[in-house]
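A.B. asks: fold the following.
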Amino acid sequence: MPRKFALIIGNSQYDDANLSQLTAPAADVRALDELLRAPEIGGFDAVQTLANRPFAEVHPAIADFFADKKPDDLLLLYFSGHGLLDPQGRLYLAVKNSRNDRLSGSAIPSLFLKDEMDNSRAKRQVLILDCCQSGAFGQGAKGAPGVQAITDATFEGRGRVVLTATDKTQPAWEGNRIIGGVETSIFTHFIVEGLKTGAAADEGGRITPTRLYDYVFPKVVEVVPTQKPRLIVYDREGGDIVIARSPRAPKSAQLPPELQQAVDSGFAGIRAGAVEELGRLLKGSDPALAQAARQALEQMLNDDSRQVTKAVAQALGKASASASPAYSPKEKATVAPPSPKSSPDLLTLERPFPLELIRIPAGEFLMGSDSTKDPDAQPDEQPQHRVYISEFYIGKYPVTNAQYAVFVRVSKCRPPEHWEKGVIPSGMENHPVVEVSWNDAVAFCEWLSKETGTPFRLPTEAEWEKAARGADGRIYPWGNEWDQARLNSSEGGPGTTTPVGAYSPQGDSPYSVVDMSGNVCEWTNSLWGRNLEEPDYKYPYNPKDGRENLKAPEDIWRVLRGGSWDFDRWDCLAAVRGCGIPVVSLYNIGFRLALSPVSRT
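C.D. replies: Residues are numbered from 1 along each chain as shown. This next block holds a predicted model:
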């Protein structure tokens, strides 16, 4: 039987005079210890708390915590106190006798912590860090001068999620300096509140790291606008770990027996009839029944009967615009008449799922970066040069989970790893699909081309860049100035993907293409080369030099564009080139479609 273990570490007292004394950690560990032990909330089998303990006690305790565990055990480690950097930029967690000038022998190295997590057999690991990662501190802030960000790679590992008190450039504030009467830190205060009141729970009373973050983030920002917590999910399994349950949340419900019997019937007609009742429950006032109905409908998306899947798609579509209707093969795409004035030409496809593509006119554009204007321009983006691109169409949005699910169902191909039992995670139908390799994306294009009779493909990196920045050489899709409100990135984003179009129209490109910066990196058809550090296919861009070879060996990397939800402003520029191995699928990589000109009707 899976077990749950927690190690809670808090340090408010420091022997080193160069480290400020704190008040919140002592209260932090008490509050969290109580909730994780509570059978009706945390229900942890074992909780160990270390408050103001020296290095010689904390270091081995961490090693013991991760040792001798089983694969299905849940391990939660919480730390409250100072976060420090050594001269090489390596993160350390300060304990009572840590010395600011001797971190390597007196503080907990993040590398040690990661090694212990990697070596543990437990595959469900949650790390909560209530410490500052910023170089800017004021009175009441946790941290020491020079502390920088925890990067996404610091604690990378499968089945792992990290929740931090701050983003890359803010301090973590103690509660009693901000809210009168609050002893815990601002961050931990709202974690405790979300757990204790059940406000962070889903309809079934489950509290996951993702749900907890969704509750904590706006609460913290409302009190301290400059402090922005982060959630780093290294694979989607981590975000769905149930760390607690709420006694105040509605209990999960089961479908009425007769309805469940109809759902499980061997006759497609009966299953299709059950869908109507599931749709009614989905829109009903009982949240637990609605959740049970949604789960049943999402599982039925994989039904072998087209009659059933069509009814399911319609039922989900009434509750979410992201649902995928069933389809008829060989239906040609048609061009919808453009609206007056600024609306672009729009190519619409109704089946096998709703799809919009935007016309990008023929002509030259500025490709790459100019180092005289952008001192951060990378060598592989230079020189900036003019490239002529023929007319083409590009997906208005990245391909979504709902759209990809149709492909998975019909082609019987492997679904993304984070789809439990092949089912899209609840509420993520309209998020961009991720964990698809370049080969998967090409297979999707080939399948869709066969089903519709229209030759879909991946865009070249030149087509992608023109669609993202237009013809004027702008730095971002919206202009030349950074604005975190226009995209989903690591600077102010939610720490995971968002529904396509969530940042539209403010983040749209000059052609009204959506999500070209942030959210997910996107595969292109273009080749990069065999050397990660330096591309074999350099600028100026020449489509005839072999870089657009669809049948190139799989050990040649392909170009990625756009940046993702876990990238900062410098990696979300329209000209930035990334790369990936065609057979690899990652949590932050998706794709969008392209199409050469088709006849208008």
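A.B. asks: tell me which residues in stretch 447-460 are buried?
C.D. replies: The neighbour-count check on stretch 447-460 (16 or more other CB atoms under 10 Å) flags Trp447, Leu448, Glu451, Thr452, Thr454, Phe456, Arg457, Leu458, Pro459, Thr460 as buried. Yep, even glycine has a C-beta here, placed from its N, CA and C like the rest.
A.B. asks: hang on, I meant stretch 421-431
C.D. replies: Under 16+ other CB under 10 Å, the buried positions of stretch 421-431 are Val423, Ile424, Pro425, Met428, Glu429, Asn430, His431.
A.B. asks: now the helix or strand harbouring Glu222, how far from the chain's geometric center?
C.D. replies: Using DSSP states H and E, Glu222 falls within helix 209-223. Offset of helix 209-223 from its chain centre (CA atoms, centre = their mean, to the nearest Å): 16 Å.
A.B. asks: same deal with stretch 49-64?
C.D. replies: With CA atoms, centre = their mean, you get 32 Å for stretch 49-64.
A.B. asks: export that stretch to PDB, keeping only CA atoms.
C.D. replies: C-alpha atoms of stretch 49-64 as PDB (Å, rounded to 0.1, in the frame of the first residue of the first chain):
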ATOM      1  CA  THR A  49      10.000  18.200  11.800                       C
ATOM      2  CA  LEU A  50      13.400  19.800  12.200                       C
ATOM      3  CA  ALA A  51      13.300  23.400  13.500                       C
ATOM      4  CA  ASN A  52      16.500  25.300  14.000                       C
ATOM      5  CA  ARG A  53      18.700  22.300  13.800                       C
ATOM      6  CA  PRO A  54      22.400  22.200  12.800                       C
ATOM      7  CA  PHE A  55      23.900  20.900   9.600                       C
ATOM      8  CA  ALA A  56      25.200  17.700  11.200                       C
ATOM      9  CA  GLU A  57      21.600  16.800  12.000                       C
ATOM     10  CA  VAL A  58      19.700  18.100   8.900                       C
ATOM     11  CA  HIS A  59      22.100  16.700   6.300                       C
ATOM     12  CA  PRO A  60      21.800  13.000   7.300                       C
ATOM     13  CA  ALA A  61      18.100  13.400   8.000                       C
ATOM     14  CA  ILE A  62      17.500  14.400   4.300                       C
ATOM     15  CA  ALA A  63      19.500  11.300   3.200                       C
ATOM     16  CA  ASP A  64      17.500   9.000   5.500                       C
END
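A.B. asks: let's number from 462 now, not from 1
C.D. replies: Taking 462 as the first residue, the last one we looked at is stretch 510-525.
A.B. asks: so which residues make contact with that stretch?
C.D. replies: 468-474, 486-487, 490, 494, 509, 538, 556-559, 566-569, 573-574, 577 (CB atoms under 8 Å, 6 or more residues apart in numbering).
A.B. asks: measure the residue positioned nearest the centre of the chain to Lys834 for me?
C.D. replies: Centroid-nearest residue in the chain, with CA atoms, centre = their mean: Thr957, separated by 2.3 Å. According to CB to CB, to the nearest Å, Thr957 stands 33 Å off from Lys834.
A.B. asks: do Gly931 as well
C.D. replies: Distance from Gly931 to Lys834, by CB to CB: 16 Å.
A.B. asks: which of these two has more neighbours?
C.D. replies: Legend: neighbour count by other CB atoms under 10 Å for Gly931 and Lys834, higher for Gly931 (18 against 11).
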